[in-house]
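Enquirer: Return a 3D structure for these sequence lines:
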Amino acid sequence: MSYFDAASAAPLHPVARQALLASLDEGWADPARLYREGRRARLLLDAARETVADAVGCRADELVFTSSGTRAVQSGIAGALAGRRRVGRHLIVSSVEHSSVLHSAEAFEAEGGSVTHVPVTRTGAATVGSYAEALRADTALACLQSANHEVGTEQPVAAVAEACRAAGVPLLVDAAQSLGWGRVAGDWSVLTAGARKWGGPAGVGLLVVRKGVRFAAREAEEFGGLPAVVAAAASLRAVRAEADREAVRLRELTERIRVRVPALVPDVEVVGDPEGRLPGIVTFSCLYVDGEALLHELDRAGFSVSSGSSCTSSTLTPSHVLRAMGVLSEGNVRVSLPAGVAEEDVERFLAVLPGAVAGVRERLGAPVSASAQVAEVRGEALVVDALGRRCPIPVIELAKVIGDVPVGGTVRVLSDDEAARLDIPAWCEMRGQEYVGEEPADRGAVYVVRRLS
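Expert: Predicted structure coming up:
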């Protein structure tokens with residue numbers, strides 16, 4: 001089995017395992033106690049804090065451990081907003097932040113705060129100009145991830161931090177995906193991360209608050225056991241020692257996937273920044289493919305991957321990241337390679353993928369014949385009625401009938417699937433057709449497409 005979902009959780013690093021087992025004998029006592037066992041535990045905790053602080057590039061007394069990366073985000077946002085309540089009740093986040101940031105923003109908004117969601121480019125990057133425009137006199141905090149968790153795109157943290165600093169606004173950086181690769185550049189104010197992203201154990205997050213940042217009184221430090229903290233620190237130091245060499249190797253492997261997947265599989269869109277991205281993440285979307293079915297096919301073939309397709313989501317809505325980028329969401333696959341992955345496994349993945357995609361497309365009736373068309377002529381327009389049908393069926397049916405439309409003519413797709421709002425425009429861009437726009441309907445919406453060729 002090949003595990004290709006390191007962006008969700010990296011496998012436990014061997015050094016983390018060794019440190020965890022070793023510290024079970026020495027770090028079981030309460031480090032707050034003054035007796036011998038407590039003092040021994042305190043020494044382990046202080047050493048772990050020094051190690052992580054050095055990796056982050058902060059002072060040891062600016063860093064606390066939390067029970068998870070999500071908890072660190074929640075505490076960081078809440079503490080910064082509360083500490084600057086007198087300044088104002090305005091929060092800035094990018095539209096592609098991790099759900100832990102966006103959920104905290106929703107809670108803040110429900111309590112009467114205002115939130116600005118900064119848009120991103122088609123590669124998934126926020127711009128300094130967008131953040132500068134969003135800053136206001138009552139802005140209490142801005143948030144920006146160091147790199148995106150779904151497509152790997154790196155964000156302009158240093159430049160955004162400079163703009164925020166000039167406006168007197170602290171910047172919180174979610175560094176979960178990038179901290180294992182190196183320090184986060186720039187004059188940021190608050191930083192969060194979770195150990196399982198770099199091969200540490202679950203149950204350990206970190207929250208860094210720079211000196212001088214107005215921050216509400218912190219809660220008592222809480223984490224998933226001192227041995228886990230020691231293991232997290234040891235693994236972070238270990239992965240950093242390997243980072244430069246491993247980054248070169250993983251970039252070559254992910255570039256191989258980026259180049260060869262479109263050549264091997266027709267109708268594929270590779271998403272994310274081709275240059276400014278994390279070493280191990282590559283994401284692509286396949287037209288006419290159900291994301292859940294494709295993940296099952298790959299799982300049966302021995303590959304564990306992730307997806308941002310609405311077909312794999314319990315909410316039945318497409319990934320908020322893909323939606324914000326305006327790219328295809330159906331048949332989405334995120335490959336995030338763990339450190340040490342074998343080149344042979346990547347080659348085997350590339351050999352298996354075309355057959356897996358073709359099999360799913362065949363079962364869904366992707367465009368090969370007109371036998372399953374659900375189109376009819378209403379007035380002078382061709383209408384595809386895809387109500388009640390989930391992605392990728394609305395796009396499949398559109399593709400089946402577009403050839404029956406005269407050049408310059410239009411087809412109207414009636415759909416109540418939320419993913420159609422993203423996937424139909426993306427299909428038009430990929431296939432060289434014109435997306436005219438969306439019209440309201442009694443149920444769902446009507447998406448109008450004009451045939452150009």
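
Enquirer: Next, the buried residues of the longest helix seen in the chain.
Expert: Longest helix in the chain, counting residues (DSSP state H): helix 226-264. Within helix 226-264, the residues that count as buried by 16 or more other Cβ atoms under 10 Å are 226-240, 243, 246-247, 249-251, 253-254, 257-258, 261. Where you see a C-beta, it was placed from the backbone N, CA and C, and this is true even at glycine.

Enquirer: One more: stretch 111-118?
Expert: Buried residues in stretch 111-118, defined by neighbour count with 16+ other Cβ under 10 Å: 113, 115-118.

Enquirer: what do you get for stretch 421-430?
Expert: In terms of neighbour count (16+ other Cβ under 10 Å), stretch 421-430 has its buried residues at 421-428.

Enquirer: So in this protein, where's the weakest helix or strand by average pLDDT?
Expert: Every helix and strand of the chain was ranked by mean pLDDT, DSSP states H and E. The lowest is strand 375-378, at a mean of 48.

Enquirer: What is the subsequent helix or strand relative to it?
Expert: The C-terminal neighbour of strand 375-378 among helices and strands, as given by DSSP states H and E, is strand 381-385.

Enquirer: and residue 36, how many neighbours?
Expert: Counted with other Cβ atoms under 10 Å, the neighbours of residue 36 add up to 9.

Enquirer: and it, how far is that from residue 43?
Expert: Distance, residue 36 to residue 43, by Cβ to Cβ, to the nearest Å: 11 Å.

Enquirer: just residue 237 next, same as before
Expert: Residue 237 sits 17 Å away from residue 43, going by Cβ to Cβ.

Enquirer: can you give me the helices in the stretch 301-450 of the chain?
Expert: 320-325, 343-364, 393-401, 420-431 (DSSP state H, counting those that start in this stretch).

Enquirer: I'd like the distance from the last one to the chain centre, please.
Expert: Spelled out, that is helix 420-431. From the chain centre to the centre of helix 420-431 is a distance of 21 Å (Cα atoms, centre = their mean, to the nearest Å).

Enquirer: same check, this time on the shortest one
Expert: For helix 320-325, the separation from the chain centroid amounts to 10 Å (computed by Cα atoms, centre = their mean).

Enquirer: now do the third one
Expert: For helix 393-401, the separation from the chain centroid amounts to 29 Å (computed by Cα atoms, centre = their mean).

Enquirer: low pLDDT regions in this protein?
Expert: By pLDDT under 70, the low-scoring segments of the chain are 218-220, 309-316, 367-381.

Enquirer: could you pull out the helices for the stretch 101-250 of the chain?
Expert: Assigned by DSSP H, counting those that start in this stretch, the stretch 101-250 of the chain shows helices spanning 128-134, 157-166, 226-264.

Enquirer: Tell me which two in the buried residues of stretch 111-118 are the farthest apart.
Expert: 113 and 118 (16.0 Å; Cβ to Cβ).

Enquirer: For stretch 257-275, C-alpha coordinates in CSV please.
Expert: The C-alpha coordinates for stretch 257-275 follow below in CSV (Å, rounded to 0.1, in the frame of the first residue of the first chain):
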residue,chain,number,x,y,z
ILE,A,257,3.1,13.8,-11.9
ARG,A,258,2.2,17.3,-13.0
VAL,A,259,3.7,16.8,-16.5
ARG,A,260,2.7,13.2,-17.2
VAL,A,261,-0.9,13.0,-15.8
PRO,A,262,-2.3,15.3,-18.5
ALA,A,263,-0.4,13.3,-21.1
LEU,A,264,-1.7,10.0,-19.8
VAL,A,265,-5.3,11.0,-19.0
PRO,A,266,-7.4,13.2,-21.3
ASP,A,267,-9.5,16.1,-20.0
VAL,A,268,-7.4,16.8,-16.8
GLU,A,269,-6.7,20.1,-15.2
VAL,A,270,-3.6,20.3,-12.9
VAL,A,271,-4.2,23.0,-10.3
GLY,A,272,-2.1,25.1,-8.0
ASP,A,273,1.0,27.2,-8.7
PRO,A,274,3.5,25.3,-10.9
GLU,A,275,6.5,26.9,-9.2
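
Enquirer: So what touches it?
Expert: Stretch 257-275 has contacts (Cβ atoms under 8 Å, 6 or more residues apart in numbering) with 123-125, 148, 151-154, 281-288, 322, 325, 327-328, 335, 346, 349-350, 353-354, 357, 426, 430.

Enquirer: again with stretch 229-246
Expert: 12-13, 15-20, 22-23, 27, 44-45, 47-49, 51-52, 55, 65, 179-182, 195, 198-201, 204, 223, 279, 339-340.

Enquirer: can you rerun that using 7 Å?
Expert: For stretch 229-246, contacts defined as Cβ atoms under 7 Å, 6 or more residues apart in numbering pick out 13, 15-16, 19-20, 23, 27, 44-45, 48, 51-52, 55, 65, 180-182, 195, 198-201, 204, 223, 339.

Enquirer: May I see the ChimeraX selection of the buried members of those residues?
Expert: Those of the contacts of stretch 229-246 that count as buried under 16+ other Cβ under 10 Å are selected in ChimeraX with:
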select :13,15,16,19,20,23,27,44,45,48,51,52,55,65,180,181,195,198,199,200,201,204,223,339
